[in-house]
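Chemist: The amino acid sequence is not available; the structure is as follows:
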């Protein structure tokens, strides 16, 4: 039976006898953000979005982060 035949997670859990749990597995850690990165990100956000498309906005947010890493 394909999984697309199930309407809810509960149906899948009952059929295959899975155990489902939710928990936070990512914990926050403090870190310092350099002034250069902060300024670069602010400049990119302020000046680089030309057409307000979702793609352009995402690209303009990702670019400074990749440069920093």
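Modeler: Sure, I can see it. For clarity, every value in this text was computed on a predicted model and none was experimentally measured.
Chemist: Give the burial count for residue 64, as a bare number.
Modeler: The tally of other residues near residue 64 (other C-beta atoms under 10 Å) stands at 20. (Each C-beta comes from the backbone N, C-alpha and C, glycine too.)
Chemist: so how far is residue 24 from it?
Modeler: Note on residue 64: its distance to residue 24, by C-beta to C-beta, to the nearest Å, is 27 Å.
Chemist: Over to residue 32?
Modeler: Applying C-beta to C-beta, one obtains 24 Å for the distance of residue 32 from residue 24.
Chemist: do residue 53 as well
Modeler: Taking C-beta to C-beta as the measure, residue 53 falls 33 Å from residue 24.
Chemist: And stretch 14-23, how far out from the chain middle?
Modeler: Its chain's average C-alpha position is 25 Å from that of stretch 14-23, according to C-alpha atoms, centre = their mean, to the nearest Å.
Chemist: top helix in this structure by residue count?
Modeler: Of all the elements of type helix in the chain, the one with the most residues (DSSP state H) is helix 54-68.
Chemist: So which bits of that one are buried?
Modeler: Applying a neighbour-count criterion of 16 or more other C-beta atoms under 10 Å, the buried positions in helix 54-68 are 60, 64.
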